[in-house]
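A.B. asks: Build me a model from this:
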Amino acid sequence: MNDTTDEFVLGFVFDWANGFVLLQKSLHPDFKDKWNGIGGKLKHGEEPLDAMKRESKEETGFVPANGWDYKFMFVCPGGEIHVFKAETSLKIMASFTLREQQTRVCAIRRLPIKKAPNLGWLIPLCLEPAGKLRVTEITT
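C.D. replies: Reported below is the predicted structural model:
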């Protein structure tokens with residue numbers, strides 16, 4: 001973690017076999033009430049993977065059996081965002097306990113209309129096989 005930029009984690013839980021992703025309603029002011037992945041801000045001195053594990057457990061109760069896979073990091077005006085993915089079954093996704101935020105299982109090809117604007121490119125990037133991702137700059 002660097003001392004000058006805020007860092008965040010964002011994770012997506014997939015059921016690859018059936019084409020579903022777990023989303024939750026965001027509490028972040030920039031995405032309030034829009035569907036997004038699981039995540040939040042790193043605490044001082046916290047590593048991204050540890051933050052992803054903590055946020056997932058706090059927000060959904062989900063602890064992936066095979067762990068979280070680090071996919072990539074991108075920089076936006078709010079800071080650095082470390083993106084992770086995990087895999088589970090639809091049955092397990094549907095059993096997540098609701099804590100502070102609502103969760104919803106969505107078909108990857110039919111994401112909700114009221115979603116964080118970055119989901120249109122984040123989810124496809126998460127689905128890329130390891131070693132195939134080569135993003136150097138994203139401009140909007």
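A.B. asks: just the helices in this structure please.
C.D. replies: Assigned by DSSP state H, the chain shows helices spanning 48-59, 90-94, 119-127.
A.B. asks: Can you say which of these is packed in most?
C.D. replies: Most buried of these, by mean neighbour count (mean count of other CB atoms under 10 Å): helix 48-59, with a mean of 19. For the C-beta atoms, the positions are set from N, CA and C on the backbone; glycine is no exception.
A.B. asks: what packs against that helix?
C.D. replies: For helix 48-59, the packing partners by 3 or more CB pairs under 8 Å, 6 or more residues apart in numbering; DSSP states H and E come out as strand 7-15, strand 38-41, strand 69-76, strand 79-87.
A.B. asks: Just send the ones you listed back as CSV, with mean neighbour count, distance to residue 112 and mean pLDDT too.
C.D. replies: Shown next, in CSV, are those (neighbours: other CB atoms under 10 Å; distance: least, CB to CB, whole Å; pLDDT from 0 to 100):
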stretch, mean neighbour count, distance to residue 112, mean pLDDT
strand 7-15, 23, 14, 95
strand 38-41, 21, 15, 92
strand 69-76, 15, 21, 91
strand 79-87, 21, 19, 94
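A.B. asks: export those strands to JSON lines and tack on distance to residue 21?
C.D. replies: Converted to JSON lines, these look like this (distance: least, CB to CB, whole Å):
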{"stretch": "strand 7-15", "distance to residue 21": "5"}
{"stretch": "strand 38-41", "distance to residue 21": "11"}
{"stretch": "strand 69-76", "distance to residue 21": "13"}
{"stretch": "strand 79-87", "distance to residue 21": "9"}
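A.B. asks: about what we covered before: pick out the shakiest of the helices of the chain, pLDDT-wise.
C.D. replies: Note on those: helix 90-94 shows the lowest mean pLDDT, a mean of 77.
A.B. asks: Can I get that helix in PDB, CA atoms only?
C.D. replies: C-alpha atoms of helix 90-94 as PDB (Å, rounded to 0.1, in the frame of the first residue of the first chain):
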ATOM      1  CA  LEU A  90     -25.000 -21.200  -8.000                       C
ATOM      2  CA  LYS A  91     -26.400 -23.100  -5.100                       C
ATOM      3  CA  ILE A  92     -23.700 -21.700  -2.800                       C
ATOM      4  CA  MET A  93     -24.100 -18.100  -4.200                       C
ATOM      5  CA  ALA A  94     -27.900 -18.200  -3.500                       C
END
